[in-house]
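[1] next one to model:
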Amino acid sequence: MRAPWIIALVAAACAGPERPRQTEPGPSATPAPSPSGPSAFERLYFPADDALFEKKRPARPGEWLDRFKEPGQSFLRYQSSRPVRPSAERNALVLQPLGKFDARQSALLGKMREVMAAFFGLPVELRAALPLPKKGQRTKTEGTRSWTQHYTRVLLDEVLEPRVPKNAVVYVGVTVEDLYPDPTWNFVFGQATLEQRVGVYSLARFFPEFWGEPERPGREARTFEKSAQILVHETAHAFSLEHCTDYECVMNGSNSLEELNGQFGELCPVCLRKLAWNIGFDPEARYAKLRDLYRREGAEDLAKWLDRRLTQLEGR
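    Model prediction:
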């Protein structure tokens, strides 16, 4: 029986987890914790530094942690959970477009490929688009507006999982159509499994035409930033990271677009340590690549934060 644990960025209910399947060990940049205390490497890259990393704020009514009482996931619990890891045979992140993309949307997808490569430190492939299935489609209506939504379970179980490429450590579907995770929910930004190495996410709600609004100055940079935030969040779930409850972090759960818009777009020290141990990237080189990419695309707040973090590292 397949494990029922699914993680969604917005509005997905979870059953209790079964232990994920073991994958082949990957490289490890992060030393195992020492009984005598944190190593110099750990103190440098994964500090409890209040100047740059803000502890998780108390949830307000209706926010994710107000509705879902998640316990969090320590580094040690992650390390012992047999997480999905890259191997010599499975070392690529594969982006799978689902449905039609116009020229502007295709350009954004190319930028998301760059974000994935910088964020995870792995090669990224962009596949030819697959059609969206009719199964699981529904029409959503609000006032005078109606649009099509697609059921994430169909996309994960019937479209993506049977097609996972042999070289893919994680296979992520991307669409510009709206998604829903359960018939009782309004929508979801994205959803991923902790075991099957697949995820799916939607760009739809970041484009002004979804809301019937005109394009405004600065909107393109915001669309880039929020799309990147969703993509790395869902992909990190496919590497077996759970929602973060320790810090303001890109791995925080979100129960609304408003909550998502107020969230930090980078990993906290705890979640960075998990991925660095899992994948084996150089945290400082990763920061520099992301900084340059975000600055190029106008995501200046994140670029400035990364400037501060890199300056801090250079001074140690």
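[2] surely residue 245 meets residue 56?
    Yes. Applying C-beta atoms under 8 Å, one finds residue 245 in contact with residue 56, separated by 5.8 Å. C-beta: built from backbone N, CA, C; applies to glycine.
[3] the two: who's more crowded?
    The neighbour comparison of residue 245 against residue 56 (other C-beta atoms under 10 Å) goes to residue 245, with 19 against 15.
[4] how about the contacts made by that one?
    For residue 245, the contact set (C-beta atoms under 8 Å, 6 or more residues apart in numbering) comprises 56, 65, 70, 71, 72, 252.
[5] now the buried members of these.
    65, 252 (16 or more other C-beta atoms under 10 Å).
[6] farthest-separated two in the contacts of residue 245?
    Based on C-beta to C-beta, the longest span within the contacts of residue 245 runs between 71 and 252 and measures 14.2 Å.
[7] show me the shaky parts of this protein.
    Within the chain, the stretches with pLDDT under 70 are 1-41, 43, 194, 316.
[8] what residue is smack in the middle of it?
    Closest residue to the average C-alpha location of the chain: residue 233 at 1.4 Å, with C-alpha atoms, centre = their mean.
[9] and the one helix or strand it maps to, C-alpha only, in PDB?
    Under the criterion of DSSP states H and E, residue 233 resides in helix 219-238. The C-alpha trace of helix 219-238 is given here as PDB (Å, rounded to 0.1, in the frame of the first residue of the first chain):
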ATOM      1  CA  ARG A 219       4.300  42.800 -11.100                       C
ATOM      2  CA  GLU A 220       6.700  40.700 -13.300                       C
ATOM      3  CA  ALA A 221       9.300  40.700 -10.500                       C
ATOM      4  CA  ARG A 222       6.700  39.700  -8.000                       C
ATOM      5  CA  THR A 223       5.400  36.900 -10.200                       C
ATOM      6  CA  PHE A 224       8.900  35.600 -10.500                       C
ATOM      7  CA  GLU A 225       9.600  35.800  -6.800                       C
ATOM      8  CA  LYS A 226       6.300  34.100  -5.700                       C
ATOM      9  CA  SER A 227       6.600  31.400  -8.400                       C
ATOM     10  CA  ALA A 228      10.100  30.600  -7.300                       C
ATOM     11  CA  GLN A 229       8.900  30.400  -3.700                       C
ATOM     12  CA  ILE A 230       6.200  27.900  -4.500                       C
ATOM     13  CA  LEU A 231       8.500  25.800  -6.700                       C
ATOM     14  CA  VAL A 232      11.300  25.400  -4.200                       C
ATOM     15  CA  HIS A 233       8.800  24.800  -1.400                       C
ATOM     16  CA  GLU A 234       7.200  21.900  -3.300                       C
ATOM     17  CA  THR A 235      10.500  20.500  -4.500                       C
ATOM     18  CA  ALA A 236      11.900  20.500  -1.000                       C
ATOM     19  CA  HIS A 237       8.900  18.500   0.200                       C
ATOM     20  CA  ALA A 238       9.800  15.900  -2.400                       C
END
